[in-house]
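K.L.:
Sequence plus the predicted model coming up.
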Amino acid sequence: MLYKLEGIVIRSMDYGENNKIIAIYTRHNGKMSIMVRGAKKMNSRFSSVTQIFTHGEFVLFKTSSMGTLNQSETLESHRKLRENLHMSAYSAYVVELIDRIVPELDANEMMFEQLKASLEAIESNKDPAIVLNIMEMKMLAIAGYLPQLDECVSCNAHDGEMGISITQGGVLCAKCFYKDNQLFRISASTLKMLRLFQRMDLRRLGAIEVKDETKKQLKLIMRAFMDHFIDIRLKARGFLDQMDKYEL
């Protein structure tokens, strides 16, 4: 049976001498794997559409769990993301989040739109670290661990100084700081950004400037939440860390 799907390539791997298996995140069907026969041949009509980050339309013949690509059309190649090392590293982290955390065949059109918008944002030179933080927050939501940031998780206080408790899953007010000896003391601007991440639609992300110190706090906190609640080793994150050390 033939299926026509719109999707973004989130993983591409060689299979045998001439073939590839790609994973795509589709608009209406969630994450799917596709066999692409002959994709490694020099004259293959499928060689370009199997490139990671490619947004395209895929027609596949499917009789079992994995379909076979029959036709394809590239809608957006995102070639710039693959050719620029900096952009490629951040984009690889975004698609690996989707690949590793979102369940197979779990349809979520809004998440497809967020993935599409995140790649477009990175390609248009919007701050990739902020894009990653927003996507990490969305992954926490999908996994059922969205932090409580609007009020103290212990006493429900809304005002005053707040800190982040990873183990308790959100903010603690100053009166409750004693309940977590590993509490993150954060600035008001950092908390404001974290709250913004929970509401942000990446399709509406404009030019945003964040102080370096705030970005450092955001990175530490989001990584702590991801490590504590999801705990998945991501190859792209290791590469980003190495790249940051080299740039320093």
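P.N.:
Thanks, I have the structure now.
K.L.:
any low-confidence regions in the chain?
P.N.:
Applying pLDDT under 70 to the chain flags the ranges 246-248.
K.L.:
any idea how far residue 162 is from the most far-flung residue of the chain relative to its centre?
P.N.:
Distance to the chain centre peaks in the chain at residue 175, reaching 35.0 Å (criterion: CA atoms, centre = their mean). Relative to residue 162, residue 175 is positioned 11 Å away (CB to CB, to the nearest Å). All C-beta atoms are positioned from the backbone trio N, CA, C, and that covers glycine.
K.L.:
what number of residues lie near residue 169?
P.N.:
Each residue near residue 169 was counted by other CB atoms under 10 Å, and the total is 17.
K.L.:
so who does it touch?
P.N.:
Residues near residue 169 by CB atoms under 8 Å, 6 or more residues apart in numbering: 145, 147, 148, 153, 229.
K.L.:
in the sheet, who's paired with the third one?
P.N.:
In other words, residue 148. Going by DSSP bridges, residue 148 is paired in beta bridges with residue 170.
K.L.:
hang on, it packs against residue 171?
P.N.:
Yes: using CB atoms under 8 Å, residue 148 makes contact with residue 171 at a distance of 6.8 Å.
K.L.:
Comparing those two, which residue is more hemmed in?
P.N.:
Using other CB under 10 Å as the criterion, residue 148 and residue 171 rank with residue 171 on top: 27 against 14.
K.L.:
Spell out for me which residue occupies the centre of the protein.
P.N.:
Centroid check for the chain by CA atoms, centre = their mean gives residue 94 as the closest residue, at 3.1 Å.
K.L.:
which non-adjacent residue is nearest that one?
P.N.:
Distances taken as CB to CB, 6 or more residues apart in numbering place residue 118 nearest to residue 94, at 5.1 Å, with adjacent residues excluded.
K.L.:
Also residue 240?
P.N.:
Spatially, and ignoring its direct neighbours in sequence, residue 240 is nearest to residue 89 (5.3 Å; CB to CB, 6+ apart).
K.L.:
What of residue 108?
P.N.:
Nearest to residue 108 is residue 30, by CB to CB, 6+ apart, at 6.5 Å.
K.L.:
for that neighbour, what are its contacts?
P.N.:
Counting by CB under 8 Å, 6+ apart, residue 30 has contacts 102, 103, 104, 105, 106, 107, 108.
K.L.:
So which of the residues you listed are in helices?
P.N.:
Using DSSP state H, no member of those falls within helices.
K.L.:
Pull the most distant pair out of those.
P.N.:
Greatest spatial distance among the contacts of residue 30 (CB to CB): 104 and 108, at 12.1 Å.
K.L.:
In terms of neighbours, single out the busier of the two.
P.N.:
Neighbour count, other CB under 10 Å: between residue 104 and residue 108, residue 108 has more, with 20 against 11.
K.L.:
In the chain, spot the strand with the most residues.
P.N.:
If you go by DSSP state E, the chain has its longest strand at strand 2-15.
K.L.:
strands paired with that strand, and their directions?
P.N.:
Strand pairing for strand 2-15, using DSSP bridges, gives strand 19-26 (antiparallel), strand 55-61 (antiparallel).
K.L.:
how about the helices in the protein?
P.N.:
Remark: helices assigned in the chain by DSSP H are 79-83, 85-101, 109-123, 128-143, 188-199, 212-229, 235-247.
K.L.:
Ranking by neighbours, what's the top pick from the contacts of residue 169?
P.N.:
Tallying neighbours with other CB under 10 Å puts residue 147 at the head of the contacts of residue 169, with 24 neighbours.
K.L.:
Would you mind giving the domain segments of this structure?
P.N.:
Using automatic domain parsing, the domains assigned to the chain come out as 2-77, 112-247.
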